[in-house]
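Visitor: just coords:
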């Protein structure tokens, strides 16, 4: 048993003593952009109709340095009634991740599935606070299964790819 553990440990350490095991670390999280609009205040607070809530979500990933990638969650919410817009909020929430010895084929799945899963609860809180601070009940977004969304998009992209050799 000890020999097996030593073998695993030795596989992670190169001949020169460097640690080659894959590592990912969350470096920082931050609000990159936040906009809240309440175009019909104060009349909106007298409206009796419940607003329809439209939520748009986008994920971006950009290299910002060697072995550092920024993941951005962009959430746009618009609440409207027949009387007009109750509120509109846009949030871009950033998170920096550091990588070391991560296989290239594992970076994209992490950036588009796991990284958003880690950052989303914090972005959701910022959004809820902004809506509450605008004079409305806090908007609590349902949890999102980013892993499932990533798998669906990957399968859809695979299905539309033209096989090699076909023009």
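Guide: Good, I have the coordinates. As the structure is a prediction and not an experimental result, all values here were calculated from the model. Numbers count the residues shown, from 1 in each chain.
Visitor: rest of the way, CA atoms for contacts and neighbours
Guide: OK.
Visitor: So which elements touch the helix ranked longest in the chain?
Guide: For the chain, the helix that runs over the most residues, judged by DSSP state H, is helix 115-133. Contact here means 3 or more CA pairs under 8 Å, 6 or more residues apart in numbering; DSSP states H and E; on that basis helix 115-133 packs against strand 23-37, strand 68-81, strand 84-100.
Visitor: Please repeat the previous calculation with a cut-off of 7 Å.
Guide: Secondary-structure packing of helix 115-133 (3 or more CA pairs under 7 Å, 6 or more residues apart in numbering; DSSP states H and E): strand 84-100.
Visitor: quick one: contacts of the strand it packs on?
Guide: 22-40, 44, 67-80, 119, 123, 127 (CA atoms under 7 Å, 6 or more residues apart in numbering).
Visitor: Check the burial of the closest residue in space to residue 119 that isn't next to it in sequence by counting its neighbours.
Guide: Of all residues not flanking residue 119 in the chain, residue 95 sits nearest, at 6.8 Å (CA to CA, 6 or more residues apart in numbering). Per other CA atoms under 10 Å, the neighbour tally for residue 95 reads 22.
Visitor: now swap in residue 24 and tell me
Guide: 15.
Visitor: Report the spatially nearest residue to it, omitting neighbours in sequence.
Guide: That would be residue 99: by CA to CA, 6+ apart, it lies 4.7 Å from residue 24.
Visitor: does residue 144 sit in a helix, a strand or a coil?
Guide: At residue 144, secondary structure determined by DSSP: H, G, I helix; E, B strand; the rest coil is coil.
Visitor: for residue 41, that is, sorry about that
Guide: Relying on three-state DSSP, one would call residue 41 coil.
Visitor: still on that earlier bit, from the contacts of strand 84-100, which would you call buried?
Guide: Among the contacts of strand 84-100, those classed as buried by 16 or more other CA atoms under 10 Å are 26, 29, 34, 36, 38, 44, 68-80, 119, 123, 127.
Visitor: Name the residue closest to the centre of this protein, please.
Guide: For the chain, the residue nearest the mean C-alpha position is residue 116 (2.8 Å; CA atoms, centre = their mean).
Visitor: Give me the contact list for whichever helix or strand comes after the longest helix of the chain.
Guide: Downstream of helix 115-133, the first helix or strand assigned by DSSP states H and E is helix 146-160. Contact partners of helix 146-160, identified using CA under 7 Å, 6+ apart, comprise 112-114, 116-117.
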